[in-house]
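Chemist: what's the 3D shape of this:
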Amino acid sequence: MSSLQLVSEYFQKIESAAGRLEMRDLFASLLQQLSSQEAAMISYLSLGRLTPDFIPLEFQISGKTLQKVIQSITVLSDELFTSENQLLGDLGSVMQKYHKIIEKPLDSVSEMYTLLGKIALDSGKGSQERKQMLIKDLLNQVEPLTAKYVIRILNGKLRLGASDKTILDALSITEPDSKQFAEQLRLAMQYTSDIGHVVYLYKEYGRSFIEKAVFTPGVPVSAKLVEREDTFDSIFSRISTPYIEPKYDGLRLQIHIYPKNQIKESFEQRVWANFVIKKENLQAILEQSVHDMYEVKLYSRNLEEMTEMFPEVIEAAKELPEIYTKALGRKVDTIVLDGEVVGYNESEAVLMTYQETMTRRRKHNIDNAKNAVPVHVFIFDILQVGNEVLLLRPLSQRKEFIKVLHSVAQPFIISPTPFEIIKTAERAEELFTEYVSSGLEGIILKSPESIYEPGVRNFEWIKFKRDMSQGHDLADTLDLVVLGYYFGEGRLANKGVGMLLTGTYEKNTDTFLSVTKVGTKMTDQQRLDIKNICDKYIVAEQPVRVKVPKSLIPDVWLEPKLVIEIEGFEVTKSPTHTSGYAVRFPKFIKFRNKKVEECTSLEELISMVK
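Modeler: The predicted structure is shown next:
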């Protein structure tokens, strides 16, 4: 059996898996039977991608385009196609049912992966027509079952229900000390942000893989996260002499600056490297002048690349290697910073709102947005300087490197976040009042001894926000995952969603558990807008990783991909919800651009119960 046929048959089994553990076991069996490279490729493809999240390589193909391709191959009439699509539920199933058996199909996953990459890379004038021809050529080289999954991948609707953690769990159970090994895999993932690379390293090097799963400039790491407390006394019981910093209401931004000739080295052993080299035209990069010798990459807290959105930040960042070289008295050509980018009204010297800053998250009309909403970047951490990786250095030492930014002549759009070492709750409250009065969200308090642990949330970094000082029962907002929605009734019957069913993430079981229904105090327009967003993630059946009681089954199930921010009165115990907890009087605030696994966790939810 060819590796491609093997993968297709396993995908079919995984799609029909009765639960998360069965899905994990099937992935474990599949990955064991593949080569290092093909196991890495399948790790991406099983999540509906070609690359990790931080590589912005998308297929850019509409459902209508795929319909044209399917009809050109199957010769289905419009009427029959529509009927079959409604009956079978998705384009992939239609393709499978009417696809002819191929006498000599593709043998390997690598061949299909390369062809899919060719489709994604095609751009420019006439690309949609060329993509259609490439897709047709690919489908004519695969068997019906494989064709189903090719269409689903291209359509962004593979929906096996797997996650990075599913694949890591599949690897961990192959080792006798599965719990300890799972921790190694988790660390490797946090330092590389690349599930396929972790799989490749483990398959290639066995248990010694962890030595090669290192932090690499140009590859973002998961952001270190903060905990919450609702009193200064509780904060000082955890950190006796914290650093205190203002909490800006902007976008988390990781800035990577490194020599352009290191791009190829940074991506060594990554199965997607050729895609990126072709996309960025590596040779042209290497031939550019010395004046433009640095590559700058900007990433969000979700590891999404935002480089093109902030051209002014890129230009400022390219000056930093020279600044650090002069300040430290040694060659510095690599710098990685962590900070917050905030809209800045230069004429009035005031920070803009979060909503205004968010208008910079766009891929078109960048110059207009740049002029309308100038930005400033406040740096609160530094992960690498030159050849020194600083992740395991205490914050007190990392702050010394950040102080170099104080020497930069003003105006300069990248500056250090102000901080102060405090010893009393009284001083903390004074600074909190000062920052909030100036329009900021609140403060962050940090242990001077804290290391930078990617993706970890602990009480070494603690936030204290405005809401926490106002006597609310629920001191902070919650970020919850949308699991499905209910149709409106009466006047709301045709106004979009009636209620959203939301849930929390339980990391130990890699599942989403119900918490609350949200739907009150929404405007009619909000209901329509929310439905339009949610409908992109509709699935026919309850996802394997979603646990909801029968009494709360929604009218429409959604793939757990969307996070919303809500506020409420309090968190209480609940005999109904699968999390065991509920939120009283929840109110929708907005959608959040963050990974579902980074939503308010079950553990955090429990800590909010009064």
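Chemist: Secondary structure element holding residue 589?
Modeler: Element membership of residue 589, judged by DSSP states H and E, is strand 587-592.
Chemist: So which bits of that strand are buried?
Modeler: Going by neighbour count (16 or more other C-beta atoms under 10 Å), the buried part of strand 587-592 is 587-588, 592. Any C-beta I mention is one placed from the backbone N, CA and C, and that applies to glycine too.
Chemist: Residue 406: which of those residues is nearest?
Modeler: Using C-beta to C-beta, residue 592 is the member of the buried residues of strand 587-592 that lies nearest residue 406, at 33.0 Å.
Chemist: For the nearest residue to the closest one once chain neighbours are set aside, name its beta-bridge partners.
Modeler: Leaving aside its chain neighbours, residue 592 sits nearest to residue 563 (4.4 Å; criterion: C-beta to C-beta, 6 or more residues apart in numbering). Legend: beta-bridge partners of residue 563 under DSSP bridges are residue 481, residue 592.
Chemist: I'd assumed residue 479 was in contact with residue 563.
Modeler: Yes - counting by C-beta atoms under 8 Å, residue 563 touches residue 479, with 5.3 Å between them.
Chemist: Now list whatever residues contact both of the two.
Modeler: Residues touching both residue 563 and residue 479 by C-beta atoms under 8 Å, 6 or more residues apart in numbering: 592, 594, 598-599.
Chemist: Could you tell me which of these belong to strands?
Modeler: Using DSSP state E, residue 592 are the members of these that sit in strands.
Chemist: re earlier: and the residue nearest to residue 592, what does it touch?
Modeler: 479-482, 591-596, 598-599.
Chemist: Can you read off the pLDDT for it?
Modeler: Predicted confidence (pLDDT) for residue 563: 94.
Chemist: Return the alpha-carbon coordinates of the longest helix seen in the chain using CSV.
Modeler: Longest helix in the chain, counting residues (DSSP state H): helix 178-192. Output in CSV follows, covering the C-alpha atoms of helix 178-192 (Å, rounded to 0.1, in the frame of the first residue of the first chain):
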residue,chain,number,x,y,z
SER,A,178,4.6,8.9,28.3
LYS,A,179,3.8,11.6,30.9
GLN,A,180,7.5,12.8,31.2
PHE,A,181,7.9,12.5,27.4
ALA,A,182,4.7,14.5,26.9
GLU,A,183,6.4,17.4,28.8
GLN,A,184,9.4,17.3,26.5
LEU,A,185,7.1,17.4,23.5
ARG,A,186,5.2,20.4,24.9
LEU,A,187,8.5,22.3,25.5
ALA,A,188,9.7,21.5,22.0
MET,A,189,6.4,22.8,20.6
GLN,A,190,6.6,26.0,22.6
TYR,A,191,10.2,26.7,21.4
THR,A,192,9.6,25.9,17.8
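Chemist: what about the strands in the stretch 401-550 of the chain?
Modeler: Listed in chain order, the strands of the stretch 401-550 of the chain (DSSP state E, counting those that start in this stretch) span 414-416, 420-421, 442-446, 457-465, 478-487, 497-506, 511-518, 538-539, 546-547.
Chemist: okay, and the helix or strand of the protein with the least pLDDT?
Modeler: helix 282-286 (a mean of 40; mean pLDDT, DSSP states H and E).
Chemist: where are the low-confidence patches of this protein?
Modeler: 263-266, 277-292, 466-475, 493, 610 (pLDDT under 70).
Chemist: Show me the residue sitting in the middle of it in space.
Modeler: Geometric centre of the chain, nearest residue: residue 302, 3.3 Å, by C-alpha atoms, centre = their mean.
Chemist: I'd say that one and residue 596 touch.
Modeler: No - in this structure, residue 302 is not within contact of residue 596 by C-beta under 8 Å, at 10.2 Å.
Chemist: buried residues in the helix or strand containing residue 6?
Modeler: Using DSSP H and E, residue 6 sits in helix 3-15. Using 16+ other C-beta under 10 Å as the test for burial, helix 3-15 gives 3-8, 10-11, 14-15.
Chemist: With that, I have no additional questions.
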